[in-house]
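Colleague: Quick one: sequence and predicted model below, then my questions.
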Amino acid sequence: VPVLLLAFPDLEPEVVVSISLSITFLNAFSGTLAYASLRRIDYKSAIEFSLATMPGAIIGALLINHIPQKTFEHIVGFVLVLIAIFLVTRKGLKKPNTNSIAKLTHRDFSDKNGERYVYSFNIRIGMISSFFVGFLSSLLGIGGGIIHVPVMTTVLNFPVHVATATSHFILAVMALIATIIHIFQGNLNGQWMTVLYLGIGVVSGAQIGAKVSHHAKPQWIIYSLATALTIVGLRIMLG
(Lines give C-alpha, C1' and ligand atoms only; values in the text may rest on other atoms or scores of the structure.)
Protein backbone atom coordinates (compact mmCIF):
# COMPACT_ATOMS: atom_id res chain seq x y z
CA VAL A 1 0.00 0.00 0.00
CA PRO A 2 2.67 2.62 0.83
CA VAL A 3 4.31 2.19 -2.58
CA LEU A 4 0.97 2.17 -4.38
CA LEU A 5 -0.17 5.32 -2.57
CA LEU A 6 2.98 7.12 -3.68
CA ALA A 7 2.93 5.72 -7.23
CA PHE A 8 -0.84 6.01 -7.85
CA PRO A 9 -2.13 8.86 -5.64
CA ASP A 10 -5.45 9.11 -7.51
CA LEU A 11 -6.57 5.53 -6.91
CA GLU A 12 -9.40 5.02 -4.42
CA PRO A 13 -8.48 3.35 -1.09
CA GLU A 14 -10.41 0.15 -1.81
CA VAL A 15 -8.63 -0.26 -5.16
CA VAL A 16 -5.21 0.36 -3.60
CA VAL A 17 -5.92 -2.14 -0.83
CA SER A 18 -7.26 -4.79 -3.22
CA ILE A 19 -4.15 -4.55 -5.43
CA SER A 20 -1.89 -4.62 -2.38
CA LEU A 21 -3.61 -7.68 -0.90
CA SER A 22 -3.40 -9.53 -4.21
CA ILE A 23 0.33 -8.85 -4.38
CA THR A 24 0.65 -9.74 -0.71
CA PHE A 25 -0.95 -13.12 -1.35
CA LEU A 26 1.43 -13.88 -4.24
CA ASN A 27 4.42 -12.80 -2.16
CA ALA A 28 3.32 -14.73 0.93
CA PHE A 29 2.44 -17.86 -1.04
CA SER A 30 5.80 -17.84 -2.82
CA GLY A 31 7.60 -17.25 0.46
CA THR A 32 5.64 -20.04 2.13
CA LEU A 33 6.82 -22.52 -0.50
CA ALA A 34 10.42 -21.43 0.03
CA TYR A 35 10.20 -21.63 3.83
CA ALA A 36 8.43 -24.99 3.59
CA SER A 37 11.45 -26.37 1.74
CA LEU A 38 13.61 -25.11 4.63
CA ARG A 39 11.19 -26.72 7.15
CA ARG A 40 10.96 -23.59 9.30
CA ILE A 41 7.18 -23.25 9.40
CA ASP A 42 5.35 -24.09 12.64
CA TYR A 43 2.36 -25.57 10.80
CA LYS A 44 0.14 -26.18 13.82
CA SER A 45 0.45 -22.57 14.98
CA ALA A 46 0.15 -21.34 11.39
CA ILE A 47 -3.19 -23.10 10.89
CA GLU A 48 -4.58 -21.97 14.26
CA PHE A 49 -3.52 -18.35 13.75
CA SER A 50 -4.76 -18.39 10.14
CA LEU A 51 -8.23 -19.36 11.32
CA ALA A 52 -8.13 -16.48 13.81
CA THR A 53 -7.22 -13.94 11.10
CA MET A 54 -10.18 -14.83 8.87
CA PRO A 55 -12.99 -12.96 10.70
CA GLY A 56 -10.78 -9.87 11.02
CA ALA A 57 -9.80 -10.06 7.35
CA ILE A 58 -13.45 -10.23 6.28
CA ILE A 59 -14.47 -7.27 8.46
CA GLY A 60 -11.54 -5.16 7.25
CA ALA A 61 -12.23 -5.90 3.57
CA LEU A 62 -15.86 -4.82 3.99
CA LEU A 63 -15.06 -1.61 5.90
CA ILE A 64 -12.46 -0.19 3.50
CA ASN A 65 -15.15 0.94 1.04
CA HIS A 66 -16.40 3.47 3.60
CA ILE A 67 -13.12 5.28 4.38
CA PRO A 68 -12.34 8.60 2.57
CA GLN A 69 -9.03 8.69 0.68
CA LYS A 70 -7.27 11.35 2.79
CA THR A 71 -8.33 9.70 6.01
CA PHE A 72 -7.07 6.39 4.68
CA GLU A 73 -3.67 7.88 3.78
CA HIS A 74 -3.24 9.44 7.23
CA ILE A 75 -4.19 6.18 8.95
CA VAL A 76 -1.73 4.17 6.84
CA GLY A 77 1.11 6.63 7.48
CA PHE A 78 0.39 6.75 11.21
CA VAL A 79 0.24 2.95 11.51
CA LEU A 80 3.54 2.57 9.65
CA VAL A 81 5.28 4.96 12.05
CA LEU A 82 3.74 3.17 15.06
CA ILE A 83 5.00 -0.17 13.76
CA ALA A 84 8.48 1.31 13.31
CA ILE A 85 8.47 2.60 16.90
CA PHE A 86 7.32 -0.80 18.16
CA LEU A 87 10.08 -2.55 16.24
CA VAL A 88 12.90 -0.51 17.78
CA THR A 89 11.47 -0.41 21.32
CA ARG A 90 10.17 -3.96 21.59
CA LYS A 91 13.17 -5.17 23.63
CA GLY A 92 12.00 -3.00 26.49
CA LEU A 93 8.65 -4.76 26.62
CA LYS A 94 7.93 -7.23 29.37
CA LYS A 95 8.55 -10.82 28.36
CA PRO A 96 5.67 -13.30 28.68
CA ASN A 97 5.35 -14.97 32.06
CA THR A 98 6.69 -18.51 31.85
CA ASN A 99 6.00 -19.40 35.48
CA SER A 100 2.65 -20.96 34.60
CA ILE A 101 4.39 -23.33 32.23
CA ALA A 102 1.46 -25.77 32.13
CA LYS A 103 -0.74 -23.08 30.57
CA LEU A 104 1.64 -22.51 27.66
CA THR A 105 1.76 -24.24 24.30
CA HIS A 106 5.12 -25.86 23.58
CA ARG A 107 6.96 -26.41 20.31
CA ASP A 108 10.14 -28.34 19.56
CA PHE A 109 11.36 -29.04 16.01
CA SER A 110 14.39 -28.74 13.74
CA ASP A 111 14.71 -27.16 10.30
CA LYS A 112 16.39 -28.50 7.18
CA ASN A 113 19.80 -27.33 8.39
CA GLY A 114 19.42 -29.16 11.69
CA GLU A 115 18.89 -26.01 13.77
CA ARG A 116 16.58 -26.81 16.69
CA TYR A 117 13.82 -24.45 17.81
CA VAL A 118 12.35 -24.86 21.30
CA TYR A 119 9.84 -22.29 22.56
CA SER A 120 6.58 -21.84 24.48
CA PHE A 121 3.77 -19.32 24.05
CA ASN A 122 0.24 -18.40 25.14
CA ILE A 123 -2.10 -19.68 22.42
CA ARG A 124 -4.97 -17.38 23.51
CA ILE A 125 -2.85 -14.26 23.10
CA GLY A 126 -1.71 -15.60 19.74
CA MET A 127 -5.27 -16.10 18.52
CA ILE A 128 -6.46 -12.68 19.70
CA SER A 129 -3.49 -10.86 18.19
CA SER A 130 -3.99 -12.77 14.93
CA PHE A 131 -7.58 -11.52 14.69
CA PHE A 132 -6.44 -7.90 14.94
CA VAL A 133 -3.56 -8.50 12.53
CA GLY A 134 -6.06 -9.86 10.02
CA PHE A 135 -8.32 -6.85 10.52
CA LEU A 136 -5.58 -4.21 10.16
CA SER A 137 -3.91 -5.96 7.24
CA SER A 138 -7.17 -6.33 5.34
CA LEU A 139 -8.38 -2.82 6.15
CA LEU A 140 -5.13 -1.04 5.27
CA GLY A 141 -3.63 -3.48 2.79
CA ILE A 142 -0.42 -3.64 4.80
CA GLY A 143 1.42 -6.95 4.81
CA GLY A 144 0.57 -8.64 8.09
CA GLY A 145 4.14 -9.82 8.53
CA ILE A 146 5.39 -6.41 9.64
CA ILE A 147 2.80 -6.49 12.41
CA HIS A 148 2.65 -10.20 13.16
CA VAL A 149 6.37 -10.99 13.28
CA PRO A 150 7.14 -8.42 16.03
CA VAL A 151 4.17 -9.69 18.05
CA MET A 152 5.21 -13.31 17.59
CA THR A 153 8.83 -12.68 18.58
CA THR A 154 8.19 -10.26 21.44
CA VAL A 155 4.87 -11.27 22.98
CA LEU A 156 4.71 -14.95 21.99
CA ASN A 157 8.43 -15.72 22.27
CA PHE A 158 8.78 -17.27 18.79
CA PRO A 159 12.33 -17.52 17.36
CA VAL A 160 12.75 -14.84 14.66
CA HIS A 161 13.27 -17.25 11.78
CA VAL A 162 10.29 -19.41 12.77
CA ALA A 163 8.09 -16.32 13.21
CA THR A 164 9.06 -15.04 9.77
CA ALA A 165 8.37 -18.37 8.07
CA THR A 166 5.13 -19.03 9.95
CA SER A 167 3.80 -15.51 9.34
CA HIS A 168 4.16 -16.06 5.58
CA PHE A 169 1.77 -19.03 5.80
CA ILE A 170 -0.70 -17.03 7.91
CA LEU A 171 -0.47 -14.01 5.62
CA ALA A 172 -1.08 -16.11 2.51
CA VAL A 173 -4.35 -17.42 3.96
CA MET A 174 -5.48 -14.02 5.24
CA ALA A 175 -4.62 -12.18 2.00
CA LEU A 176 -6.37 -14.81 -0.11
CA ILE A 177 -9.60 -14.48 1.88
CA ALA A 178 -9.51 -10.67 1.71
CA THR A 179 -8.65 -10.68 -2.01
CA ILE A 180 -11.61 -12.94 -2.81
CA ILE A 181 -13.93 -10.49 -1.04
CA HIS A 182 -12.46 -7.57 -3.00
CA ILE A 183 -12.93 -9.48 -6.27
CA PHE A 184 -16.63 -9.98 -5.52
CA GLN A 185 -16.92 -6.28 -4.65
CA GLY A 186 -15.42 -5.35 -8.03
CA ASN A 187 -12.45 -3.51 -6.54
CA LEU A 188 -9.96 -5.29 -8.82
CA ASN A 189 -11.81 -4.61 -12.07
CA GLY A 190 -9.36 -3.23 -14.63
CA GLN A 191 -6.36 -3.76 -12.32
CA TRP A 192 -5.31 -7.29 -13.25
CA MET A 193 -2.36 -6.25 -15.41
CA THR A 194 -1.02 -4.15 -12.53
CA VAL A 195 -1.31 -7.18 -10.25
CA LEU A 196 0.44 -9.36 -12.84
CA TYR A 197 3.40 -7.03 -13.35
CA LEU A 198 3.93 -6.38 -9.65
CA GLY A 199 3.31 -10.04 -8.83
CA ILE A 200 6.16 -11.23 -11.04
CA GLY A 201 8.58 -9.08 -9.07
CA VAL A 202 7.38 -10.00 -5.59
CA VAL A 203 7.28 -13.75 -6.28
CA SER A 204 10.92 -13.67 -7.34
CA GLY A 205 11.83 -11.47 -4.39
CA ALA A 206 10.09 -13.77 -1.91
CA GLN A 207 12.13 -16.75 -3.06
CA ILE A 208 15.40 -14.84 -2.79
CA GLY A 209 14.46 -13.34 0.58
CA ALA A 210 13.66 -16.71 2.09
CA LYS A 211 16.97 -18.17 0.94
CA VAL A 212 19.15 -15.34 2.29
CA SER A 213 17.15 -14.64 5.48
CA HIS A 214 19.10 -17.20 7.48
CA HIS A 215 22.35 -15.32 6.80
CA ALA A 216 21.01 -11.90 7.77
CA LYS A 217 21.30 -10.65 11.34
CA PRO A 218 17.80 -10.23 12.84
CA GLN A 219 18.74 -6.90 14.41
CA TRP A 220 19.92 -5.51 11.06
CA ILE A 221 16.66 -6.58 9.41
CA ILE A 222 14.57 -4.97 12.14
CA TYR A 223 16.35 -1.60 12.14
CA SER A 224 16.38 -1.43 8.33
CA LEU A 225 12.65 -2.16 8.23
CA ALA A 226 11.90 0.40 10.97
CA THR A 227 13.83 3.10 9.10
CA ALA A 228 12.03 2.39 5.83
CA LEU A 229 8.62 2.34 7.53
CA THR A 230 9.26 5.69 9.24
CA ILE A 231 10.36 7.40 6.03
CA VAL A 232 7.45 6.07 3.98
CA GLY A 233 4.91 6.66 6.75
CA LEU A 234 5.90 10.32 7.19
CA ARG A 235 5.97 10.81 3.42
CA ILE A 236 2.40 9.54 3.10
CA MET A 237 1.08 11.58 6.05
CA LEU A 238 2.73 14.78 4.83
CA GLY A 239 1.51 14.24 1.27
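Modeller: Structure's in. What do you need?
Colleague: The helix or strand bottoming out on mean pLDDT in the chain: what's the following helix or strand?
Modeller: One helix or strand of the chain scores below all others by mean pLDDT, DSSP states H and E: helix 2-7, with a mean of 65. Using DSSP states H and E, the helix or strand that follows helix 2-7 in sequence is helix 13-38.
Colleague: Show me what that next one is packed against.
Modeller: helix 2-7, helix 69-89, helix 123-140, helix 160-185, helix 192-212 (3 or more C-beta pairs under 8 Å, 6 or more residues apart in numbering; DSSP states H and E). In short, each C-beta sits where N, CA and C put it, glycine included.
Colleague: can you rerun that using 6 Å?
Modeller: Here helix 13-38 touches helix 160-185, helix 192-212, going by 3 or more C-beta pairs under 6 Å, 6 or more residues apart in numbering; DSSP states H and E.
Colleague: Packing partners of the helix or strand that that helix is followed by?
Modeller: As assigned by DSSP H and E, the chain's next helix or strand after helix 13-38 is helix 43-63. On a contact count with 3+ C-beta pairs under 6 Å, 6+ apart, helix 43-63 meets helix 123-140, helix 160-185.
Colleague: and the spatially closest residue to residue 76 that is not a sequence neighbour, how far is that from residue 53?
Modeller: Excluding the flanking residues, the one nearest residue 76 by C-beta to C-beta, 6 or more residues apart in numbering is residue 140, at 5.4 Å. Distance from residue 140 to residue 53, counting by C-beta to C-beta, to the nearest Å: 14 Å.
Colleague: quick one: which of those two has more around it?
Modeller: residue 53 (29 against 24; other C-beta atoms under 10 Å).
Colleague: for the closest residue to the more buried one other than its chain neighbours, what are its contacts?
Modeller: Leaving aside its chain neighbours, residue 53 sits nearest to residue 134 (3.1 Å; criterion: C-beta to C-beta, 6+ apart). Contact analysis of residue 134 by C-beta atoms under 6 Å, 6 or more residues apart in numbering lists 53, 56-57, 174.
Colleague: May I ask which two of these are separated the most?
Modeller: Across the contacts of residue 134, no pair lies farther apart than 56 and 174, at 8.0 Å, counting by C-beta to C-beta.
Colleague: For these two, work out which one has more neighbours and name it.
Modeller: The neighbour comparison of residue 56 against residue 174 (other C-beta under 10 Å) goes to residue 174, with 33 against 23.
Colleague: The more buried one contacts residue 57, correct?
Modeller: Yes - taking C-beta atoms under 6 Å as the definition, residue 174 is a contact partner of residue 57 at 4.8 Å.
Colleague: Most tightly packed of the helices and strands packed on helix 43-63?
Modeller: Counting by mean count of other C-beta atoms under 10 Å, helix 160-185 has the highest mean neighbour count of the helices and strands packed on helix 43-63, with a mean of 24.
Colleague: and the angle from it to helix 123-140?
Modeller: 50 degrees (axes from the mean of the first three to the mean of the last three C-alpha atoms, to 10 degrees).
Colleague: helices or strands next to helix 160-185 in the packing?
Modeller: Counting contacts by 3+ C-beta pairs under 6 Å, 6+ apart, helix 160-185 packs against helix 13-38, helix 43-63, helix 145-154.
Colleague: Contacts for stretch 185-196, please.
Modeller: By C-beta under 6 Å, 6+ apart, stretch 185-196 touches 14-15, 18-19, 22, 182.
Colleague: how many neighbours does the residue lying closest to residue 123 once chain neighbours are set aside have?
Modeller: The spatially closest residue to residue 123, leaving aside those adjacent along the chain, is residue 105, at 4.5 Å (C-beta to C-beta, 6+ apart). Look at residue 105: counted by other C-beta under 10 Å, it has 15 neighbours.
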